[in-house]
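In: any chance you can model this:
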Amino acid sequence: MTNKEILSHIDHTLLKQFATWEDIKVICDDAIDYETASVCIPPSYVRKIKETYGDKLNICTVIGFPLGYNTTATKVFEAVDAVKNGASEIDMVINITALKNKDYDLVQNEIAEIKKAIGDKILKVIVETCFLTEAEKVIVCQLVTNAGADYIKTSTGFGTAGATVEDIRLFKANIGPDVKMKAAGGVKTVDDLIAFINEGCSRIGTSSAVKMLKGEEVSSY
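Out: Numbers count the residues shown, from 1 in each chain. Next comes the predicted model:
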């Protein structure tokens, strides 16, 4: 697998609370130079990136992030606002507390409402696997599928652990045929990148892919 093929799967990500505009520009410039799938950045930077880079970048942002327990109305507003500002892809965090409470209709309906609100834009659903049991992971695969989302995504990168190959295999066995997979959180080696792509991930969220492929040192999760 070539570096270019790997990078075509990467959502080049910077979601740190203290990310400055100078930091964001580095991510954006790298994304253009290395032809990553997108940049994934905080919502407050979407409009400025769109104004600065125009159509040179595919812009992804996050909503209900990183905890997921915002109200549905709040998440819908965030998603619509992000699209108006120039985002083409939305990564939302599910209401994990609702899933734990077995309020499955709330979880599914929320995903469906957000997808309806953003139309043909891509919706990726972050389920934060580190907080879920195996049974809950299977259930949430079904909810994401039934709601019509485009992707299921493992993690925010802000939880207690990130993506695992085992979780991707579980997803693959339980999602519908139209749902793609994104691994994120703790992806820190080239071998990790290749493994997740080989398991069927269409996207990988990481801030480190360019450094990894250039052989530079990457900080631990």
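In: output the below-cut-off pLDDT ranges for the chain.
Out: 217-221 (pLDDT under 70).
In: hey, where'd the strands end up in it?
Out: If DSSP state E is used as the criterion, the strands of the chain fall at 10-13, 38-41, 59-63, 89-93, 122-126, 151-153, 180-184, 203-206.
In: can you list those in a markdown table and add distance to residue 20 and mean neighbour count?
Out: Where C-beta positions appear, they are placed from N, C-alpha and C, glycine not excepted. Formatted as a markdown table, the strands of the chain follow (distance: least, C-beta to C-beta, whole Å; neighbours: other C-beta atoms under 10 Å):
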| stretch | distance to residue 20 | mean neighbour count |
| --- | --- | --- |
| strand 10-13 | 16 | 27 |
| strand 38-41 | 12 | 26 |
| strand 59-63 | 17 | 25 |
| strand 89-93 | 21 | 26 |
| strand 122-126 | 24 | 25 |
| strand 151-153 | 26 | 26 |
| strand 180-184 | 22 | 25 |
| strand 203-206 | 20 | 28 |
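In: turn those strands into TSV, including distance to residue 138.
Out: Shown next, in TSV, are those (distance: least, C-beta to C-beta, whole Å):
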stretch	distance to residue 138
strand 10-13	25
strand 38-41	26
strand 59-63	25
strand 89-93	19
strand 122-126	15
strand 151-153	12
strand 180-184	15
strand 203-206	21
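In: quick one, which of these is nearest to residue 23?
Out: Comparing those against residue 23 with C-beta to C-beta, the closest turns out to be strand 38-41 (9.7 Å).
In: what's next to the closest one, contact-wise?
Out: Among residues not part of strand 38-41, those counted as contacts by C-beta atoms under 8 Å, 6 or more residues apart in numbering are 11-15, 19, 24, 27-28, 31, 49, 57-62, 88-89, 91, 205.
In: which residue lies nearest the spatial centre of this structure?
Out: Using C-alpha atoms, centre = their mean, the residue of the chain that lies closest to the mean C-alpha position is residue 91, 4.7 Å off.
In: which one of the strands of the chain lies nearest to residue 83?
Out: Distances from residue 83 to each of those were compared by C-beta to C-beta, and the smallest falls on strand 89-93, at 7.3 Å.
In: who does the closest one pair up with?
Out: Strand 89-93 has the following strand partners under DSSP bridges: strand 59-63 (parallel), strand 122-126 (parallel).
In: I'd like those as a markdown table, with distance to residue 37 appended.
Out: Shown next, in a markdown table, are the strands paired with strand 89-93 (distance: least, C-beta to C-beta, whole Å):
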| stretch | distance to residue 37 |
| --- | --- |
| strand 59-63 | 8 |
| strand 122-126 | 10 |
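In: which residues in the protein form helices?
Out: Counting by DSSP state H, residue ranges of the helices within the chain are 3-7, 21-34, 46-53, 72-85, 96-100, 104-118, 134-147, 165-174, 190-198, 209-213.
In: now the angle between helix 72-85 and the longest one, please.
Out: By that I understand helix 104-118. Orientation note: helix 104-118 sits at an angle of 20 degrees relative to helix 72-85 (axes from the mean of the first three to the mean of the last three C-alpha atoms, to 10 degrees).
In: now the angle from helix 104-118 to helix 134-147?
Out: 40 degrees.
In: ends of stretch 114-129, how far apart?
Out: 21 Å (C-alpha to C-alpha, to the nearest Å).
In: indicate which one of the strands paired with strand 89-93 is closest to residue 84.
Out: Taking the strands paired with strand 89-93 one by one with C-beta to C-beta, strand 59-63 is closest: 11.7 Å.
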